[in-house]
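Provided below for reference: sequence and predicted model.
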Amino acid sequence: MRLVKIAWVFVVLCFAFESVRAQGIMLSEEAEVSVLTMGPGQEQLYSAFGHSALRIHDDQNSIDIFYNYGVFDFDQPNFYLNFAKGKLLYKLGLNNYSRQIKYYMRINRTIVEQTLDLTQSEKQEVFDVLMENAKPENAEYYYNYCYDNCATKIRDVINTVLAGKVQYNYHYASDSMSYRDLMDKYLGQQPWGDVGIDYCLGSEIDRLADGPAYMYMPEYLKIALDGAHITNDSTIKPLVKQKRTLNIAADKPSAASPITPFHVFVVLFFVVGIFTHRGLKYSLNFRFIDVILYGTTGLLGFSLLFLWFGTDHLSQNNLNLIWSTPLNLIALALLFKKERPAWLRYYFNAYGIVLILLIITDGALPQQLNEAFIPLVLALIVRSFYLGYWLKRGVVY
């Protein structure tokens, strides 16, 4: 283990030296600037969206650097708290191109390289901007799923250097998808991740994305560059002068889980229905059902409130609070008291009515309800009206 740490320190020092040495270097005429797109993978949730990076290649100066805006450190202080609060620090990392490409090949990712048709001064400016951004005092930034990530950083570098010279063809945005729709395209094999995203992120990501916004997805950044043109000295030419596929991912079995959230919530709906029916027939309570339903949704509701008011990312204005409300936890606590307030039955009846309206008006709301939650909401409706009826009878719960 000690030898491994020493090796890593040696690698870091080597790249630190290369970074310092690169300051002030003038690129040769043979230098090239390329955008690299690594296709989606299923190793982790974040890998399902693919990845973007920049490459500066100059044999005369012995430079072949992989610029990666997607570097984060699990060991940074308060990593998970910062992640939840939307204050997770990412940074621009510099890696050896060959070593990094071999890594993506090893994990079976399709890799496409687009070499940009830039003038010598434009190549130099891209290089200088990247080296300035890679300085320790500049390298870190606060990651945002949609507005500030590995792909948007590259888009912004290109647009900064080529200000006013690039024209994009936004044909790829003609389907007028929202940020959430774009995410969903890549989550077919990640049903649990899809549900987690749809639960935690609010109506902000249901806004329609325009052409530039589509480029927050690496694949759409690649498509945008393919259709882009650059104007230099009244000459219009394609921005990409060469496109190469460096690796094609081998076909492999789907990594999708055979048990999806929808399956789980359908089973839960039928379990709640069976126990509620038996409760009506035999005058039984089955309190554990209410603890599971109202306890879980109440606790999750408090987590949504924290994400809404205690964070800086895209969790504000989250309409999942309609059905996953913290009030359920309070209602559950009152339900177990010997002296229950008379209004409690009205709460459950009103809650059931609100949930019915939620399902009926789902298509008209500014935030989509993930279809996997519908059986769960139906279970809450059944149980809420049951509790309203039970409490009206005034019997012991």
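Perfect, thanks for sending it.

quick check: which element contains K153?
Taking DSSP states H and E as the criterion, K153 maps to helix 150-161.

parallel or antiparallel, list what pairs with the helix or strand just after that helix.
Note on helix 150-161: by DSSP H and E, the next helix or strand toward the C-terminus is strand 166-167. Strand pairing for strand 166-167, using DSSP bridges, gives strand 229-232 (antiparallel).

and the strand it pairs with, average pLDDT?
Mean pLDDT, strand 229-232: 93.

identify the residues contacting that strand?
D117, L118, T119, L162, K165, V166, Q167, N169, I236, K237, P238, L239 (Cβ atoms under 8 Å, 6 or more residues apart in numbering). (Glycine included, C-beta is placed from N, CA and C.)

and that strand, what's buried?
By neighbour count on 16 or more other Cβ atoms under 10 Å, the buried set for strand 229-232 is I230.

on contacts alone, who are the packing partners of whichever helix or strand comes after that strand?
Next along the chain after strand 229-232, taking DSSP H and E as the criterion, comes strand 235-238. Packed against strand 235-238 by the contact rule (3 or more Cβ pairs under 8 Å, 6 or more residues apart in numbering; DSSP states H and E) you find strand 229-232.

what's the most distant pair in the contacts of strand 229-232?
Using Cβ to Cβ, the contacts of strand 229-232 reach their maximum pairwise distance at T119 and N169, which is 21.8 Å.

before we move on, the earlier item: for the helix holding K153, the distance to its chain's centre please.
Mean-position distance between helix 150-161 and its chain equals 19 Å (Cα atoms, centre = their mean, to the nearest Å).

quick one, helices of the stretch 151-300 of the chain?
179-184, 191-200, 211-214, 218-226, 261-282, 287-290, 296-309 (DSSP state H, counting those that start in this stretch).

of the ones you listed, flag the one that's most buried.
helix 218-226 (a mean of 22; mean count of other Cβ atoms under 10 Å).

mind checking the end-to-end distance for stretch 318-337?
Stretch 318-337 has an end-to-end distance of 31 Å (Cα to Cα, to the nearest Å).

revised request: answer the last question for stretch 102-113.
Terminal-residue distance, stretch 102-113 (Cα to Cα): 14 Å.

for that stretch, buried residues please.
Buried-residue list, stretch 102-113, by 16+ other Cβ under 10 Å: Y104, M105, N108, R109, T110, I111, V112, E113.

rewinding a little: got JSON lines for the helices of the stretch 151-300 of the chain, with distance to Y90 and mean pLDDT too?
JSON lines is the format used below for those (distance: least, Cβ to Cβ, whole Å; pLDDT from 0 to 100):
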{"stretch": "helix 179-184", "distance to Y90": "18", "mean pLDDT": "95"}
{"stretch": "helix 191-200", "distance to Y90": "18", "mean pLDDT": "93"}
{"stretch": "helix 211-214", "distance to Y90": "19", "mean pLDDT": "96"}
{"stretch": "helix 218-226", "distance to Y90": "15", "mean pLDDT": "97"}
{"stretch": "helix 261-282", "distance to Y90": "29", "mean pLDDT": "95"}
{"stretch": "helix 287-290", "distance to Y90": "43", "mean pLDDT": "94"}
{"stretch": "helix 296-309", "distance to Y90": "19", "mean pLDDT": "94"}
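
of the ones you listed, which approaches Y147 most closely?
helix 211-214 (8.4 Å).

name the nearest residue to V71, ignoring sequence neighbours.
Sequence neighbours aside, G93 is the residue nearest to V71 in space, at 3.6 Å (criterion: Cβ to Cβ, 6 or more residues apart in numbering).

who are the contact partners of the residue positioned nearest the centre of the chain?
For the chain, Y145 is the residue whose C-alpha lies nearest the centre (Cα atoms, centre = their mean; 5.0 Å). Residues near Y145 by Cβ under 8 Å, 6+ apart: L201, I205, Y216, H313, L314.

which parts of stretch 113-133 are buried?
For stretch 113-133, by 16+ other Cβ under 10 Å, it's 113-118, 122-128, 130-131, 133.

of the contacts of Y145, closest to V271?
Using Cβ to Cβ, these come closest to V271 at L201, 28.8 Å.

of all the helices of the stretch 151-300 of the chain, which one comes closest to A151?
Using Cβ to Cβ, the nearest of the helices of the stretch 151-300 of the chain to A151 is helix 218-226, at 4.5 Å.

centre of the chain versus stretch 323-332, how much separation?
27 Å.

likewise stretch 375-388?
31 Å.

okay, it in CSV with CA atoms only?
Extracted C-alpha coordinates of stretch 375-388, given in CSV (Å, rounded to 0.1, in the frame of the first residue of the first chain):
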residue,chain,number,x,y,z
PRO,A,375,-48.7,2.8,-7.7
LEU,A,376,-47.2,4.3,-4.5
VAL,A,377,-49.5,7.3,-4.7
LEU,A,378,-52.5,5.0,-5.4
ALA,A,379,-51.5,3.0,-2.2
LEU,A,380,-51.5,6.3,-0.2
ILE,A,381,-54.9,7.2,-1.6
VAL,A,382,-56.4,3.8,-0.6
ARG,A,383,-54.9,4.0,2.9
SER,A,384,-55.8,7.6,3.5
PHE,A,385,-59.5,7.1,2.8
TYR,A,386,-59.4,4.0,4.9
LEU,A,387,-57.9,6.0,7.8
GLY,A,388,-60.4,8.8,7.3
